[in-house]
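Enquirer: Next comes the sequence, and after it the predicted model I'd like to discuss.
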Amino acid sequence: MSETQTPVRVRFAPSPTGYLHLGGLRTALFNWLHARHTGGKFILRIEDTDQKRFNPESLEDLMTGLRWLGLEWDEGPDMGGPYGPYTQSERQAIYTEYAEQLIAAGYAYHCYCTAAELDAMREEQRAKGLAQGYDRRYRNLSVDEQAALQAEGRPSVIRLAAPLEGTTVVHDLIRGDIEVENSSILDPVLVKSDGMPTYHFAVVVDDHLMKITHVIRGEEWISSAPQHKLLYDAFGWQMPVLVHLPVILDPSGKGKMSKRKTVVAGKEYLALVHEFIEAGYLPEAMFNFLTNVGWNYDPEQEIFTREQAVERFDIRGINPTAAALPYSKLEWMNGMYIRELAPADLQQRLAPFLAKQLGLDEAELRQSERLAKLVPLVQERIKLLTEAWDKIDWAFIPANEIAYPDPTILISKGLDGTQTVAVLRTGVELLEEVEPFTAVALEALFRTAAEAAGIKVGSYFAPFRVAITGRTVSPPLFESMEVLGRDETLARVENAILALQSHIGEKV
RNA sequence: GCCCCCAUCGUCUAGAGGCCUAGGACACGGGCCUUUCAAGCCCGCGACAGGGGUUCGAAUCCCCUUGGGGGCACCA
């Protein structure tokens, strides 16, 4: 059995401080893919050790985002599991115990440095042009000195006593060995003065206790990996396999994607998962899209299913190069997925968007026969679920409410106002007599009429398009007429004639 | 400033020494189809950052330069 086929335990461990963005979602996705590919477990762990930055809303947003993409987890804060709790703030006693263990073994020590003291130290380093960082000033306190400070009631943190010499090597599955001088590891804080662990300590303890086999996380963690290694070594634990995913770049290509919207050349780019949901992206498309950034399913095949991705995903094939998301490809892909949807399915997905945009009842739209007929007409014309409304809004407006604020758009190229009125009048007759009232019959009849009038079909059809939809661009004309039915179609054409007549001043 | 990571079309990628006159996709340009708009189909544009090695042979291996990115908190 190859390595990636051995069941694994991986985790997505976000900090609930803000809304989930695409970078985080991609990290979760790759973890999930690796778990599903190997038949392993995908664990959700909440890293909320910074109480100042905790934001309960973000927890909700996070889970919603993961579920939206279909990244269900096997163990997590909401469902528990064999190695819980899965929320770090509930594991404080565990960290304290392990920290004590480290102190007892000489791998960690209490540091009584105050915030003011640290500031002064950094200020001095800056002034002298020295490298900035903790200078280990409390590392070698005598027993008496330590007791005195403790008696004084001075708060302390627990720091790692990093080796002063030598190098530490960590191995990354896709990047190879990463080597750093131990002297550059400046005794990082393990436990804060409020008793909470720092990320660096909690992540090591939890990954070990939760039996995590592969740590798949963002590239921004590479530089802290060596200090994690030191902790694993101090405890005598086996370090999980490390995989540092390339960061996702800002659409401009410079800098890590942030949670703020970025604007490039006047165009606004989304970053947060909930924004993509609201913009009408399909989770299937997002899944497909994200999977192919930093990894590649098949160089000759862009579109693939979730199952195919799970089947073929190979963590060793991850590309280490940072990438900017190709947003235009996402849009294209979303359009592809929309086109492949069963119309009834698309109707259901469109309903909530249309309800909001057109001020209609969502439940009614789900059942609406009219919408069911319109869906195939817009299906190949939209890339986002939010784009349907202004292509079909006319079908939900009563005929007598269709206004033509600018009647000149009724007049098609090559015709004048009077000729256009004449065409529309002929149309009224056709609409009255056509049988059955179907797109096929209508088109045949109107084509014949256009030919008889010696007018190009494009010019002949155009006024009807505007009469019916109020727009010069619309779904196919005769299908639209069929959706409306004879009476409504006639009413609209007659309204248009009146509007145009009053515009050109012709007597009725 | 110090440490670390990375380097193929505008963007996402294929490429693990000869299959590469570097393949695919999006975007872009042109054409076909066509009742508008789309969709679809066809064609085109377009890259191995630079310099040294290694080798019979390098996009692929090594080194340097350059460029980009990440990290240097009692945030994660």
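Expert: Nice, I can see it.

Enquirer: What residues does the stretch 401-508 of chain A have near RNA strand B?
Expert: A:439, A:443, A:457-458, A:461-462, A:465, A:472-479 (Cβ under 7 Å from any atom of the strand). C-beta here means a position set from N, CA and C on the backbone, and glycine is covered the same way.

Enquirer: could you redo the last one with a cut-off of 6 Å?
Expert: With the criterion set to Cβ under 6 Å from any atom of the strand, the stretch 401-508 of chain A comes near RNA strand B through A:443, A:457-458, A:461, A:472-478.

Enquirer: what about burial for these, which qualify?
Expert: For those, a burial check counting by 16 or more other Cβ atoms under 10 Å picks out A:443, A:461, A:474-475, A:477-478.

Enquirer: Roughly how far does A:Asn292 sit from A:Glu302?
Expert: 7 Å (Cβ to Cβ, to the nearest Å).

Enquirer: higher neighbour count, the two?
Expert: A:Asn292 (19 against 15; other Cβ atoms under 10 Å).

Enquirer: what are the phi and psi angles of the more buried one?
Expert: phi -90, psi 10 (degrees, to the nearest 10).

Enquirer: Please verify my assumption that it contacts A:Pro299.
Expert: No: between A:Asn292 and A:Pro299 there is no contact under Cβ atoms under 8 Å: 10.2 Å.

Enquirer: What segments of chain A are strands?
Expert: Counting by DSSP state E, chain A has strands at residues A:9-12, A:41-44, A:108-111, A:157-160, A:167-172, A:176-181, A:189-191, A:214-218, A:241-245, A:248-249, A:262-264, A:267-269, A:323-324.

Enquirer: can you list contacts of the last one?
Expert: Read it as strand A:323-324. When contacts are defined by Cβ atoms under 8 Å, 6 or more residues apart in numbering, strand A:323-324 is touched by residues A:246, A:248-253, A:293-294.

Enquirer: that older thread, okay, and which of the residues of the stretch 401-508 of chain A next to RNA strand B map to helices?
Expert: Using DSSP state H, the members of these that fall within helices are A:443, A:457-458, A:461, A:477-478.

Enquirer: Serialize the residues of the stretch 401-508 of chain A next to RNA strand B to a markdown table and add fields for pLDDT and distance to A:Tyr95.
Expert: Formatted as a markdown table, those follow (pLDDT from 0 to 100; distance: Cβ to Cβ, whole Å):
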| residue | pLDDT | distance to A:Tyr95 |
| --- | --- | --- |
| A:Glu443 | 96 | 73 |
| A:Val457 | 93 | 76 |
| A:Gly458 | 92 | 73 |
| A:Phe461 | 96 | 73 |
| A:Thr472 | 92 | 66 |
| A:Val473 | 94 | 62 |
| A:Ser474 | 95 | 63 |
| A:Pro475 | 97 | 61 |
| A:Pro476 | 97 | 65 |
| A:Leu477 | 97 | 69 |
| A:Phe478 | 97 | 70 |
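
Enquirer: Pull the residues that contact stretch A:157-167.
Expert: Stretch A:157-167 is contacted by residues A:99, A:102-103, A:106-111, A:113, A:134, A:138-139, A:179-183, A:185-193, A:227, A:230-231, A:234 when judged by Cβ under 8 Å, 6+ apart.

Enquirer: which of the residues you listed are close to RNA strand B?
Expert: Among the contacts of stretch A:157-167, the residues that sit close to RNA strand B (Cβ under 6 Å from any atom of the strand) are A:113, A:134, A:180, A:189, A:192-193.

Enquirer: By neighbour count, which of the residues you listed wins?
Expert: Of these, with other Cβ under 10 Å as the count, A:Cys113 tops at 21 neighbours.

Enquirer: What residues does the closest residue to that residue other than its chain neighbours make contact with?
Expert: Using Cβ to Cβ, 6 or more residues apart in numbering and skipping residues adjacent in sequence, the residue nearest A:Cys113 is A:Tyr138, 5.9 Å away. A:Tyr138 sits next to A:109-113, A:159 when contact means Cβ under 8 Å, 6+ apart.

Enquirer: wait, which of the residues you listed is closest to RNA strand B?
Expert: A:Cys113 (5.7 Å; Cβ to the nearest atom of the strand).

Enquirer: From what I see, the closest one and A:Arg136 are in contact.
Expert: No: using Cβ under 8 Å, A:Cys113 makes no contact with A:Arg136, being 9.9 Å away.

Enquirer: pLDDT below threshold where in the stretch 401-508 of chain A?
Expert: Within the stretch 401-508 of chain A, the ranges that satisfy pLDDT under 70 run A:506-508.

Enquirer: Residue numbers of the stretch 201-350 of chain A in contact with RNA strand B?
Expert: Contact residues (Cβ under 6 Å from any atom of the strand) of the stretch 201-350 of chain A with RNA strand B: A:219-220, A:222-224, A:247, A:253-256, A:292-294, A:296, A:299-300, A:302, A:319-324, A:326, A:328-329, A:332.

Enquirer: Show me which of those residues are buried.
Expert: Buried members of these, counted by 16+ other Cβ under 10 Å: A:219, A:222, A:247, A:292-294, A:324.

Enquirer: any chance of those residues in CSV, with pLDDT and distance to A:Arg486 too?
Expert: Shown next, in CSV, are these (pLDDT from 0 to 100; distance: Cβ to Cβ, whole Å):
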residue, pLDDT, distance to A:Arg486
A:Glu219, 94, 63
A:Ile222, 96, 69
A:Val247, 93, 60
A:Asn292, 97, 49
A:Val293, 96, 51
A:Gly294, 95, 56
A:Ala324, 94, 53
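
Enquirer: For these, work out which two are farthest apart.
Expert: In these, two members sit farther apart than any others by Cβ to Cβ. They are A:Ile222 and A:Asn292, at 23.2 Å.

Enquirer: Stretch A:150-160 and RNA strand B, are they touching?
Expert: Yes: Stretch A:150-160 reaches RNA strand B (Cβ under 6 Å from any atom of the strand) through A:155, A:157.

Enquirer: what about that stretch, how long is it end to end?
Expert: From its first residue to its last, stretch A:150-160 covers 19 Å (Cα to Cα, to the nearest Å).
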